[in-house]
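Visitor: how would this look folded up:
(one chain, ligands or ions: 1)
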Amino acid sequence: MELYSSKITKLIEELSSLPGIGAKSAQRLAFHIINMPKERAETLANTIVDARANIRYCQKCFTLTDDELCPICKSDRRDIHTIMVVENSRDLAAYEKTGKFEGLYHVLHGAISPMLGIGPNDIRLKELIQRLSVEDIDEVIIATNSSLEGETTAMYISKLIKPTGIKVSRIASGVPVGGDLEYIDEVTLLRALEGRVEL
Ligand code: ZN
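Guide: Got it, this is the predicted structure:
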């Protein structure tokens with residue numbers, strides 16, 4: 001016998017398929033949603049559909065945005081000669097929150113992982129190299145995570161860029177090994193940025 005009606009079960013299943021949502025949380029959320037005023041539930045559902053339909057990659061830095069270019073690439077107040085390479089849009093947001101980095105970003109959407117079969121062509125690396133050939137860049141700061149994948153990616157990128165003569169640096173290790181950048185506090189991020197070393 002099903003514990004709940006099939007529609008509730010379906011909602012619980014959908015919610016529990018989200019990252020970080022276990023069976024209990026999914027149940028709690030499902031009942032919360034069912035008890036919401038109808039308009040609130042509609043707004044929530046429409047917001048999800050609208051976000052999925054309209055959010056795309058910035059044509060320049062590949063972060064998620066709802067326009068051709070993201071607000072950072074569009075801004076005329078950024079230092080357009082420095083690019084910080086990050087693994088994902090959440091890491092970009094973590095650095096933006098410090099308010100101290102004035103350059104541009106490049107979002108790889110992943111990291112090289114031979115173990116998981118993720119190679120250089122599976123992340124936005126070609127796009128970075130392409131940018132370096134058309135933009136006037138003085139320094140590339142590699143801010144991938146300090147995990148094995150992040151370090152592998154950093155080394156790979158540095159080898160690619162070195163011959164171009166563009167300065168390549170790596171954020172200082174102060175960032176805990178394997179730590180996702182988004183969970184690290186702003187002071188630690190700033191220290192990692194300021195203490196970066198040339199590769
Ligand atoms: Zn952008």
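Visitor: tell me the contacts of the residue positioned nearest the centre of the chain?
Guide: The centroid of the chain falls nearest to Asn88 when counting by CA atoms, centre = their mean (1.8 Å). Asn88 makes contacts with 107-110, as judged by CB atoms under 8 Å, 6 or more residues apart in numbering. (Glycine included, C-beta is placed from N, CA and C.)
Visitor: okay, those residues in a markdown table with secondary structure next?
Guide: Shown next, in a markdown table, are the contacts of Asn88 (DSSP: H, G, I helix; E, B strand; the rest coil):
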| residue | secondary structure |
| --- | --- |
| Val107 | strand |
| Leu108 | coil |
| His109 | coil |
| Gly110 | coil |
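Visitor: out of those, the closest to Ile80 would be?
Guide: Lowest distance from Ile80 to the contacts of Asn88 (CB to CB) belongs to Val107, with 16.5 Å.
Visitor: start and end of stretch 8-26, how far apart?
Guide: 11 Å (CA to CA, to the nearest Å).
Visitor: can you give me the strands in this protein?
Guide: Assigned strands in the chain, in chain order: 56-57, 64-65, 79-86, 103-107, 139-142, 167-170, 197-198 (criterion: DSSP state E).
Visitor: switch those over to TSV; also include mean neighbour count.
Guide: Below are the strands of the chain laid out as TSV (neighbours: other CB atoms under 10 Å):
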stretch	mean neighbour count
strand 56-57	14
strand 64-65	19
strand 79-86	19
strand 103-107	23
strand 139-142	22
strand 167-170	19
strand 197-198	9
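Visitor: columns distance to Leu160 and mean pLDDT on top of the ones you listed, output as CSV?
Guide: Formatted as CSV, these follow (distance: least, CB to CB, whole Å; pLDDT from 0 to 100):
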stretch, distance to Leu160, mean pLDDT
strand 56-57, 21, 94
strand 64-65, 25, 94
strand 79-86, 11, 96
strand 103-107, 13, 97
strand 139-142, 10, 96
strand 167-170, 9, 94
strand 197-198, 16, 84
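Visitor: list the buried residues in stretch 30-38.
Guide: Ala30 (16 or more other CB atoms under 10 Å).
Visitor: start and end of it, how far apart?
Guide: End-to-end distance for stretch 30-38: 14 Å, by CA to CA.
Visitor: contacts for it?
Guide: 8, 11-12, 15, 41, 44.
Visitor: which of the contacts of Asn88 sits closest to Cys58?
Guide: For these, the nearest to Cys58 is Val107 (7.9 Å; CB to CB).
Visitor: my read: the closest one touches Met84, true?
Guide: No - contact criterion CB atoms under 8 Å: Val107 and Met84 do not qualify, at 9.8 Å.
Visitor: tell me the spacing between Asp185 and the ion.
Guide: Counting by CB to the ion, to the nearest Å, the gap from Asp185 to the ion is 25 Å.
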